[in-house]
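**Q** Structure for this input, please:
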Amino acid sequence: MGRRCPTCGANVPEGTGICPDCGMEISVGQPAEITQAPPVTMEQPTPQPAPVEGVPSPSPAGVARLLLKRAGILTGDEFPVGKKVVIGRFHEETGPVDIDLSNLHESVYVSRRHAEIYQDASGQWFVKDLGSTCGTYLCPSNTGQFQKLPAHQPVPIKDGDEVAFGNARFLFRTQG
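**A** The predicted structure follows:
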């Protein structure tokens with residue numbers, strides 16, 4: 001009996017830790033039938049979402065990084081995140097993006113204008129899916145469970161959280 005990949009829905013053989021179709025890491029102990037996490041419920045989006053309680057002190061303006069992970073291991077590839085960046089793939093019709101993932105083998109699952117990461121005036125960081133085809137997922141460091149983000153709604157992100165654009169996984173760092 002196989003399992004379903006939570007990212008792409010492909011059948012994954014029991015005991016396999018990586019989806020053969022999209023490369024997403026899957027815990028070996030996950031149940032046989034994986035159901036999609038309940039959608040993140042958000043209030044109506046506001047231009048400047050309120051800071052989240054319990055978040056460590058804000059990082060200096062525009063100081064963050066995305067650290068690429070494959071098979072649950074940091075690869076050493078690092079992408080600097082400015083105060084406001086668009087993540088995606090360059091295409092001659094849509095032009096350049098701030099963080100271009102075109103050269104990653106996971107890029108087939110990354111939209112041209114996939115997501116945005118930005119820091120508001122209070123110093124809080126947010127990630128927002130821009131209506132991507134394969135979705136943006138957030139795994140808060142305290143839960144260990146990815147949740148698909150609703151399109152066009154900013155969601156707080158903090159140091160140590162994981163974020164996936166399609167199946168391209170990153171550790172979000174604002175410190176050290």
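**Q** Scan this structure for its longest strand.
**A** Ranked by residue count and defined by DSSP state E, the top strand of the chain is strand 73-81.
**Q** State the mean pLDDT of the next helix or strand after it.
**A** Proceeding N to C from strand 73-81, the next assigned helix or strand is strand 84-88, under DSSP states H and E. Confidence for strand 84-88, expressed as mean pLDDT, is 95.
**Q** in the longest strand of the chain, what counts as buried?
**A** Buried residues in strand 73-81, counted by 16 or more other Cβ atoms under 10 Å: 79, 81. For glycine as for every other residue, the C-beta is placed from the backbone atoms N, C-alpha and C.
**Q** before we move on, what about stretch 89-108?
**A** Neighbour counts over stretch 89-108 (16+ other Cβ under 10 Å) mark 89, 97, 99-101, 104, 106-107 as buried.
**Q** now do stretch 150-170
**A** The neighbour-count criterion (16+ other Cβ under 10 Å) identifies 150, 153-159, 161-170 as the buried residues of stretch 150-170.
**Q** Ok, stretch 106-125 next?
**A** By 16+ other Cβ under 10 Å, the buried positions in stretch 106-125 come out as 106-107, 109-120, 124-125.
**Q** nearest to Thr133, of these?
**A** For those, the residue nearest Thr133 by Cβ to Cβ is Ser111; the value is 5.2 Å.
**Q** need the contact list for the closest one.
**A** The contact partners of Ser111, taken as Cβ atoms under 8 Å, 6 or more residues apart in numbering, are 88-89, 130-134, 165-166.
**Q** any idea how far it lies from Val63?
**A** Ser111 sits 26 Å away from Val63, going by Cβ to Cβ, to the nearest Å.
**Q** Please apply the same query to Thr136.
**A** 22 Å.
**Q** And for Val12?
**A** For Val12, the distance to Val63 equals 37 Å [Cβ to Cβ].
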